[in-house]
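Novice: Provide a 3D model corresponding to the input given below.
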Amino acid sequence: MPQPLPAGVCPCCGHDFDCTASLETDTPTLGPGDVAVCIRCGVALRFNEDMTVRRLSAAEWLRLSRLEQRALSDATAMVMAYQVARGGLQ
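Specialist: Take a look at the predicted model:
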């Protein structure tokens, strides 16, 4: 089930969103500092204290564990495959 969030916008593609979901659990519980992937463009995002998002920096990426990096890379690949299957970014 999606977790409601304050209305937000992806800083890379401008996609509007107001919820998040998880591939691992039915009840995602995200908080400040957690990472996510934009469902439209696949960019890695980090939640700020006010639960708005910003692009994950290269330094932050390097501080993630290999498992976290792999999970984000896999999620981005799934988003890209979905977008290609439906004809690219709309």
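Novice: which non-adjacent residue is nearest the residue nearest in space to the middle of the chain?
Specialist: The C-alpha lying nearest the average C-alpha coordinate of the chain belongs to Val37 (C-alpha atoms, centre = their mean; 1.7 Å). Of all residues not flanking Val37 in the chain, Ala75 sits nearest, at 4.2 Å (C-beta to C-beta, 6 or more residues apart in numbering). Every residue, glycine included, has its C-beta placed from N, CA and C.
Novice: Over to Met80?
Specialist: Gly42 (5.3 Å).
Novice: phi, psi of the one you found?
Specialist: For Gly42, the backbone dihedrals are phi 80, psi 10 (criterion: degrees, to the nearest 10).
Novice: For the chain, which strand extends over the most residues?
Specialist: Longest strand in the chain by number of residues (criterion: DSSP state E): strand 3-9.
Novice: just the helices in the chain please.
Specialist: For the chain, the helices defined by DSSP state H cover 58-63, 66-85.
Novice: between the ones you listed, which one is nearest to Thr29?
Specialist: Each of those was scored for nearness to Thr29 using C-beta to C-beta, and the closest is helix 66-85 (16.3 Å).
Novice: show me what contacts Ala36?
Specialist: Thr20, Leu30, Ala44, Leu45, Arg46, Phe47, Val53 (C-beta atoms under 8 Å, 6 or more residues apart in numbering).
Novice: burial count for Cys41?
Specialist: 17 (other C-beta atoms under 10 Å).
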